[in-house]
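Participant: Any chance you can model this:
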Amino acid sequence: MIFNDMEEVRRHLKIGIPLPCYFIGGADDQRKRAILNKIVSMTTEGGTGFDNHRFSGNVSADTVADAAFEITFGGGRRCVVCEDIPFGSMGENEYKKYEQLITEVCDLGGSTVLVFFFAVIDTEAKKDSKAKISAKKNYIESLKKIIDKSGGGVIKCETPTAAELGTLIEKTCSKYHCSIHRDLCAYMIERCGNDSALLINEARKVAEYKGQGIISKEDIDLMTCATPDAKVFDLSAKIAARDRTGAFFVLGELKEMGESASLIINILSSAYIDMFRAKAARSCGKTKNDISADWPKSYPKPRQFLIDKALNAQSRYSSKSLLLCLDILLDAEQRLKSTGANEDIILDETVAKLFSVK
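Facilitator: Alright, predicted model coming up:
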């Protein structure tokens, strides 16, 4: 069974009867971990019993099979979790053993639940040869097919889109008899990040504070915690707007949050890189979609609002000014790594130098 969306997964988990085998992968680690924990809790005393086995890394199919077919202490289900098995470096004979194991486990009728969990599928992609990478992808796809064919479940947890996260926020607020405008959902994602579990919790806090009615931006600012990324991008916006007082106030907040100078410089550099890319794209007639396509890893769907911010802010700078700002930030990074100077002083000086760029 291939689960097409998270709603299908939720309905399946609510029933409480696990399938004999699962594939769990994708980019959303929070969702993957939550689903894994739920499956384990449905099998062996919440995952703490003697019949719960976990393997990680390079483990043979024979070892996993021994755990899958052993006699249970409690007479219930066995649960065997295999995390990040390196199929890319696995020989064909060993992989065939895994396929046979999946078939035999599924034939047991549910007395054993076998879970293949992938935190990162392509962990060795940079080190592998092209042939190995190709084989790895083939093995992963073959694994999903045999699990589906044998009566197991294939779950792929991709990072939610901004639209999906917005819907999640709206539904959470509605449970507490509150409503929220879609543009404020986008603001909350920018402010709090795109972790679905965190957003649910932040939306719940705001709705409980509001009690009922329409949630405002002031409610969100009062009750939610901004991520360091959001604070630093706010800092870059204050600098671009020549708001010296506001910029140093935000900088003080970041210090109070305990954020390191190197992290602040790193995120601030990202903001100026975004502006430089936007400036270059605008100069040659490229659009937001073009920027997203050119740098897909920098701007996944939930974070494409960064492109909008960069396109708006870049007009305040010339290309030469942006290069000067990047030089200032590079110098700050090098000073933080190579000197014993006070980090707070370096950070304050860097922000002051950015204001000096016209």
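
Participant: Please tell me how far the closest residue to residue 25 other than its chain neighbours sits from residue 201.
Facilitator: Distances taken as CB to CB, 6 or more residues apart in numbering place residue 118 nearest to residue 25, at 4.1 Å, with adjacent residues excluded. Yep, even glycine has a C-beta here, placed from its N, CA and C like the rest. Noted for residue 118: a distance of 26 Å to residue 201, by CB to CB, to the nearest Å.

Participant: Among those two, which residue is more densely surrounded?
Facilitator: residue 118 (20 against 14; other CB atoms under 10 Å).

Participant: I'd assumed residue 1 was in contact with residue 148.
Facilitator: Yes - counting by CB atoms under 8 Å, residue 1 is a contact partner of residue 148 at 6.4 Å.

Participant: what residues are shared contacts of those two?
Facilitator: Common contact partners of residue 148 and residue 1 (CB atoms under 8 Å, 6 or more residues apart in numbering): residue 154.

Participant: And the helices in the stretch 101-250 of the chain?
Facilitator: Using DSSP state H, counting those that start in this stretch, the helices found in the stretch 101-250 of the chain span residues 130-150, 162-175, 182-192, 196-210, 217-223, 228-240, 244-256.

Participant: Packed most tightly, which of these would that be?
Facilitator: For the helices of the stretch 101-250 of the chain, the largest average neighbour count (mean count of other CB atoms under 10 Å) is found in helix 228-240, namely a mean of 21.

Participant: So which residues make contact with it?
Facilitator: For helix 228-240, the external contacting residues (CB under 8 Å, 6+ apart) are 190-193, 226, 244, 246-247, 250-251, 253-254, 257, 259, 263-264, 267-268, 271-272, 275, 306, 309, 313, 316-317, 351, 354-355.

Participant: just stretch 19-27 next, same as before
Facilitator: So stretch 19-27 is contacted by 1, 12, 32, 35-36, 39, 102, 105-106, 108-110, 112-118, 121, 140, 143-144, 147, 150-159 (CB under 8 Å, 6+ apart).

Participant: From these, list the buried ones, please.
Facilitator: In terms of neighbour count (16 or more other CB atoms under 10 Å), the buried residues within the contacts of stretch 19-27 are 12, 32, 35-36, 39, 102, 105-106, 108, 112-118, 121, 140, 143-144, 147, 150-157, 159.

Participant: same for the longest helix seen in the chain, what does it pack against?
Facilitator: The single longest helix within the chain, with elements called by DSSP state H, is helix 261-283. Applying 3 or more CB pairs under 8 Å, 6 or more residues apart in numbering; DSSP states H and E, one finds that helix 261-283 contacts helix 228-240, helix 288-294, helix 305-313, helix 319-338, helix 343-356.

Participant: now the angle from that helix to helix 319-338?
Facilitator: 160 degrees (axes from the mean of the first three to the mean of the last three CA atoms, to 10 degrees).

Participant: For helix 261-283, which outside residues touch it?
Facilitator: Contacts of helix 261-283 (CB under 8 Å, 6+ apart): 228-229, 232-233, 235-236, 240, 251, 254, 287, 290-291, 294-295, 298, 306-307, 309-311, 313-314, 317, 319, 322-323, 325-326, 329-330, 332-333, 336-337, 343-344, 346-347, 350.

Participant: repeat for stretch 91-101
Facilitator: Stretch 91-101 is contacted by residues 60-62, 64-65, 68, 85, 87, 114, 139, 142-143, 146 when judged by CB under 8 Å, 6+ apart.

Participant: Brilliant, that's me finished.
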